[in-house]
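Asker: After the sequence you'll find the predicted model.
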Amino acid sequence: MEINFNQDLVCEEGRRIISGKIVPFSSEVGHTSAGRVIFERDSIKIHDSAKIKLLLEHDPKQPIGRALNFTTTDEGITASFRIAETTRGNDSLVEAAQDLRSGLSVGVHVIASQPRDGILYIQEAKLQEVSLVQAAAFNSAAVTSVAASEPEPELVEETQETQQPEEASVENATPVSPEVEAEKVEASRPAVTAVAYAAVRNPIQNKVDYLQHSILAAMGNDDSRQYVTAADNTTSTAPGMVPTPQSTTVINALANADRGMIEALSRETLVGEGMTFELPRVTAVPVVSNIAENAPITESSLSATYLSVPVQSFKGRAITTIELMDRSNPAYMSALMQNLEFAYAKVTDEFATGTIFGGAQQAAIQANTATGFLSYGAAAAAAVYASSLGFAQNMVVSPGQWSNIMSYNDNGRPIYTAGQPQNSGGSVSAQSLRGQVAPGLNLYVSRSIGNAGGTTSTGDFSMVVINPDAWTWYESSRFQLRTAIQADGTIDLLYYGYAAIAPKIPFGACWNQT
């Protein structure tokens, strides 16, 4: 999941530095691409600040600077960026100084999150980039036509006092750069003038226009005859001169980063060394009894043992070539690493599901009806509390059971998508893998149920109720390792990480079983 979050900035034009708060912690709700979001304190990790770039509008093809420093406080993270001495960098400084682009927006990859009351609380995320973005107040200020170059354009001096209105011709206009940087830019490279040009004035824009002017031309209209003659020289008459661009948007219906089972567990950071770690677990507790006066008191003590938790390694490998790395669209490398991340998410969620399947208890209740579903939820919650002395909070279901739950109704009225309070038993949406179901459990959907432990999509072991404190997922950061093999010019990409799942109280989870 990638989230963008905007903040105001400060622009130091003379020093070519842009700085400001890039994200607040805890105190502010942001409206992002993932909905309403709050970043918890210290939730954003910056692994290598020197590699963080400042982009323009989150476009990886438009870098304008690089991070100088990051400062983390209880209130959030502030950052400073040095802007490159390029045409795009100069323009960005002007736009920032004149409040045309007055926001900083972070792009992060969410590793751990928790939805509560309609807000997604980010617990752990990795900073990928920061972007200079346009402030909301200037959404209508959009460039409509720009040419990168023209042959030897005639330069026209333009100052603020002589600047023409927007309707006037802007051909041969020289862009205004920040005054303090003009000398440096001229000394470093030849001046480049960006000019604007008018669109083709032929009124024929579609087949209807062409037919209309063809008729007028046949009737003797000289203007229409010229329009038709010009329109006849179209892309169909010279297809070899018209390139076919390819979009950088990648379509992927085979993988994603969803980890419904892991998100339903408690989360902790994995220790930094060793392939096994231990957790103390109480095996006997002292007792207190009702003792009569002068009667002997029963002796008791506290005893404990250690739960040994093995650390698992998860690895993915991809082999590519230096030619593909050098000559491909930048989207290739981004898509490659993203799909390794998706594969990592899939295998770790399946591992967690299989471990819980083997250690949790089972409730022999048929749950494939609305009544059976309510019975299973209540019985499983009670069984979890009896075994762990902690409350069940989450229910994880297979995609098949997700479909069943959305169809449950009360005399034709949907139970979990109801709009009226008299029959509303929770909230489940076809557009979200999160929801809430009776008896007050948070709903998660995991595609791993059905791929681990012999489970099925809607039958036995298709739902599990969990006390998250009874099962904990430990995870390290993910790593990338690239090795160039000089003999044949291939590049070996290794994506890996370490994780462990601790069954602190195994019966703190309860599967359905008929």
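Answerer: Done, it's in.

Asker: the strands in the stretch 301-450 of the chain, which residues?
Answerer: Ranges of strands in the stretch 301-450 of the chain, per DSSP state E, counting those that start in this stretch, are 303-310, 312-321, 361-363, 394-397, 409-410, 413-414, 427-428, 434-437, 441-445.

Asker: just those strands: most buried one?
Answerer: Across those, averaging neighbours per residue (mean count of other Cβ atoms under 10 Å) puts strand 394-397 on top, at a mean of 27. C-beta coordinates here come from the backbone N, C-alpha and C atoms, glycine included.

Asker: The strands of the stretch 301-450 of the chain into JSON lines, with extra columns for mean pLDDT and distance to D258?
Answerer: Shown next, in JSON lines, are the strands of the stretch 301-450 of the chain (pLDDT from 0 to 100; distance: least, Cβ to Cβ, whole Å):
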{"stretch": "strand 303-310", "mean pLDDT": "92", "distance to D258": "25"}
{"stretch": "strand 312-321", "mean pLDDT": "90", "distance to D258": "16"}
{"stretch": "strand 361-363", "mean pLDDT": "89", "distance to D258": "25"}
{"stretch": "strand 394-397", "mean pLDDT": "93", "distance to D258": "12"}
{"stretch": "strand 409-410", "mean pLDDT": "78", "distance to D258": "27"}
{"stretch": "strand 413-414", "mean pLDDT": "74", "distance to D258": "24"}
{"stretch": "strand 427-428", "mean pLDDT": "70", "distance to D258": "16"}
{"stretch": "strand 434-437", "mean pLDDT": "80", "distance to D258": "10"}
{"stretch": "strand 441-445", "mean pLDDT": "91", "distance to D258": "8"}
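
Asker: can you list these in a markdown table and add distance to A84?
Answerer: Converted to a markdown table, the strands of the stretch 301-450 of the chain look like this (distance: least, Cβ to Cβ, whole Å):
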| stretch | distance to A84 |
| --- | --- |
| strand 303-310 | 48 |
| strand 312-321 | 28 |
| strand 361-363 | 60 |
| strand 394-397 | 47 |
| strand 409-410 | 60 |
| strand 413-414 | 55 |
| strand 427-428 | 48 |
| strand 434-437 | 41 |
| strand 441-445 | 44 |
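
Asker: Those: which one's closest to E28?
Answerer: strand 434-437 (21.9 Å; Cβ to Cβ).

Asker: which helices and strands does the closest one pack with?
Answerer: strand 427-428, strand 441-445 (3 or more Cβ pairs under 8 Å, 6 or more residues apart in numbering; DSSP states H and E).

Asker: Same list (those) but as a markdown table, adding distance to A352.
Answerer: Output for those, formatted as a markdown table (distance: least, Cβ to Cβ, whole Å):
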| stretch | distance to A352 |
| --- | --- |
| strand 427-428 | 23 |
| strand 441-445 | 12 |
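
Asker: Any idea which of these gets closest to I501?
Answerer: strand 441-445 (15.7 Å).

Asker: Adjacent strands (with direction) for the following helix or strand past that closest one?
Answerer: Next in sequence after strand 441-445, counting helices and strands by DSSP states H and E, comes strand 463-466. Partner strands and pairing direction for strand 463-466 (DSSP bridges) are strand 394-397 (antiparallel), strand 509-512 (antiparallel).

Asker: returning to that earlier point: out of the helices and strands packed on strand 434-437, nearest to K315?
Answerer: Judging the helices and strands packed on strand 434-437 by Cβ to Cβ, what sits closest to K315 is strand 441-445, at 26.2 Å.

Asker: Many thanks, have a good one.
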